[in-house]
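Engineer: sequence below, structure please.
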Amino acid sequence: TVPTWLLLGSESHGLSPLALESVSTSVIIPMRGQSESLNVAMAATVLLYEALRQREF
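Structural biologist: Numbering: from 1, shown residues only. Model (predicted):
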């Protein structure tokens, strides 16, 4: 519920070393089933929805 930056890297390369130096917290999106990962657009959607949920509900 506080101002937050979301830094999203590519699935194969992640964030750059410079960006990683400024990160204090990371997030893991738990997943069920056989999927290995989400693409960056889907991950962003999940994170933005959760940010909205925490602020409005």
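Engineer: could I get the full set of strands for the chain?
Structural biologist: Listed in chain order, the strands of the chain (DSSP state E) amount to none at all.
Engineer: so residue 55 makes contact with residue 1?
Structural biologist: Yes. In terms of Cβ atoms under 8 Å, residue 55 counts as a neighbour of residue 1; the distance is 5.8 Å. C-betas here are computed from N, CA, C, even on glycine.
Engineer: which one's more surrounded, those two?
Structural biologist: For residue 55 versus residue 1, the count of surrounding residues by other Cβ atoms under 10 Å is larger for residue 55: 9 against 6.
Engineer: from residue 13, how far off is residue 40?
Structural biologist: In this structure, residue 40 and residue 13 are 11 Å apart, going by Cβ to Cβ, to the nearest Å.
Engineer: of these two, which one has the most company?
Structural biologist: When residue 40 and residue 13 are compared on other Cβ under 10 Å, the one with more neighbours turns out to be residue 40, at 12 against 7.
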